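Chemist: Provide a 3D model corresponding to the input given below.
(one chain, ligands or ions: 1)
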Amino acid sequence: MNQNDATKRVEELRQLLEKYGYHYYVLDDPLVPDAEYDEKMQELIWLEEEFPELKQSDSPTVRIGGKPLDAFEKVQHTIPMMSLGNAFNEQDIYDFDRRVRQAAGDDVQYTCELKIDGLAVSLTYENGRFVRGATRGDGTTGEDITKNLQTVGSIPLRLSQPVDIEVRGEVFMPKRSFEKLNAAKEDAGEALFANPRNAAAGSLRQLDPKVAAKRNLDIFLYSIADVDGADIQTHYGAISYMKELGFKTNPNTQHCPGAEEVIEYINSWIDRRNDLSYEIDGIVIKVDRLHQQEELGFTAKSPRWAIAYKFPAEEKVTTLTGITLSV
Ligand SMILES: CC(C)(CNC(=O)c1ccc(Oc2ccccc2)cc1)c1ccc2c(N)nc(N)nc2n1
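Modeler: Prediction:
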């Protein structure tokens with residue numbers, strides 16, 4: 001194949017693999033059998049080896065992971081990654097709602113989101129291309145794990161619009177992947193992960209991206225930290241905008257007009273959390289209008305316009321001794 005044909009074929013494969021990847025990982029709605037995706041990925045890998053000048057930094061082939069790093073570099077979060085205040089019962093939710101209405105007026109509505117039990121990351125895009133991914137760390141200093149995050153299929157390498165944006169979300173390992181990983185570790189006589197959250201954190205701490213690439217990690221985005229030009233008035237609008245750009249957002253996010261609907265939403269998920277393919281440890285409630293978020297502001301470490309309702313720790317029976325431990 002000559003250089004000209006190779007250039008055309010590489011571009012064709014890149015676009016196909018991006019479309020197939022988006023449908024498979026973000027929409028959970030595959031367009032082609034896995035074998036066809038793997039075949040085209042392999043063809044692109046060979047073409048990029050034969051014509052190295054055709055390999056771009058955001059080629060789909062980065063999904064398989066590059067060479068191992070010696071260490072993770074530190075990253076300063078220009079916009080801090082804040083934490084959430086906690087609520088443990090209905091009264092705490094009513095107290096939160098009263099405080100919010102005292103400060104921002106009675107006309108307050110909320111958006112409720114599942115609190116995914118994973119680890120928080122920040123993703124930065126320049127001109128619509130994924131340029132950096134970092135862990136939360138202590139909220140102001142995290143670690144650059146871009147190479148590992150490039151292997152997460154549901155993290156877009158290129159957005160639908162060439163915008164500069166920074167978004168935050170939760171990387172997690174689905175329950176099925178966790179069970180399969182621990183079964184493989186048991187067969188290999190290796191130490192098991194205690195839960196999917198630790199498995200996801202351990203996978204992102206790997207210096208070799210090829211290991212992270214095999215851990216079937218996933219992500220839901222839940223916040224825009226910084227964006228040029230978009231005209232967004234509500235948190236729900238920010239979530240919709242991220243979805244338009246090609247980000248994976250959680251389908252159970254719901255607008256709640258008032259505290260009663262928030263309580264209903266929380267109660268509906270306490271019973272249904274085991275039906276989900278991933279673990280959650282609570283519900284996050286956010287004041288929806290952004291101008292009211294600004295009126296409410298922040299404490300030293302968390303916004304006054306959001307709170308996390310934490311589910312009671314699940315009772316897990318250990319298989320060895322049969323005693324019940326609350327974990
Ligand atoms: C609300 C926020 C704390 C994110 N927001 C921020 O981190 C944040 C950070 C600076 C902001 O503005 C500032 C800008 C400059 C200086 C100080 C604040 C605004 C929001 C948060 C934290 C954890 C979440 C979680 N586990 N699950 C879901 N579903 N949502 C979550 N949301």
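
Chemist: In stretch 98-111, which of the residues would be classed as buried?
Modeler: For stretch 98-111, a neighbour-count test (16 or more other CB atoms under 10 Å) marks 100-101, 104, 108-111 as buried. For glycine as for every other residue, the C-beta is placed from the backbone atoms N, C-alpha and C.

Chemist: now stretch 7-20
Modeler: Neighbour-count burial for stretch 7-20, counted by 16+ other CB under 10 Å, picks out 9-10, 13-14, 16-18, 20.

Chemist: what about the residue nearest the centre of the chain, distance to Leu149?
Modeler: By CA atoms, centre = their mean, the chain has its centre lying nearest to Ile219, at 2.8 Å. Per CB to CB, to the nearest Å, Ile219 is found 8 Å from Leu149.

Chemist: can you list contacts of stretch 179-193?
Modeler: Applying CB atoms under 8 Å, 6 or more residues apart in numbering, the contact partners of stretch 179-193 are 173, 178, 199, 202, 215.

Chemist: Among those, which one has the most neighbours?
Modeler: Neighbour counts for the contacts of stretch 179-193 (other CB atoms under 10 Å) peak at Met173, which has 29 neighbours.

Chemist: right, and that one touches Asn198 too?
Modeler: No. Look at Met173 against Asn198 with CB atoms under 8 Å: they stay out of range, at 9.1 Å.

Chemist: next one: phi and psi at Lys115?
Modeler: For Lys115, the backbone dihedrals (degrees, to the nearest 10) come out as phi -100, psi 100.

Chemist: for Gly246, same thing?
Modeler: phi 110, psi 10.

Chemist: Looking at Ser57 now. What's its pLDDT?
Modeler: We have a pLDDT of 86 for Ser57.

Chemist: ok so it is a strand residue?
Modeler: No. Applying DSSP: H, G, I helix; E, B strand; the rest coil, one finds Ser57 to be coil, outside a strand.

Chemist: Now do the contacts for it.
Modeler: Ser57 is in contact with Arg129, counting by CB under 8 Å, 6+ apart.

Chemist: that older thread, so of the buried residues of stretch 98-111, which ones are in helices?
Modeler: Mapping the buried residues of stretch 98-111 onto helices (DSSP state H) picks out 100-101, 104.

Chemist: what is the mean pLDDT for the longest helix along the chain?
Modeler: Counting by DSSP H, the longest helix found in the chain is helix 3-21. In this model, helix 3-21 has a mean pLDDT of 96.

Chemist: Please apply the same query to stretch 253-263.
Modeler: When pLDDT is averaged along stretch 253-263, the result is 98.

Chemist: which bits of the stretch 201-327 of the chain sit near the ligand?
Modeler: Contacts of the stretch 201-327 of the chain with the ligand, taken as CB under 6 Å from any ligand atom, map to 222-223, 284, 298, 303, 306.

Chemist: Just say helix, strand or coil for Tyr125.
Modeler: Of the three states, Tyr125 takes strand under three-state DSSP.

Chemist: Can you tell me the closest non-neighbouring residue to it?
Modeler: Among residues not flanking Tyr125 along the chain, Ile165 sits closest, at 5.1 Å (CB to CB, 6 or more residues apart in numbering).

Chemist: bridging residues for that neighbour?
Modeler: Tyr125, Val227 (DSSP bridges).

Chemist: for Val142, what are its contacts?
Modeler: I think there's a mix-up here, since residue 142 is Gly and not Val. Here Gly142 is in contact with 74-75, 77, 81, 122, 134-136 (CB under 8 Å, 6+ apart).
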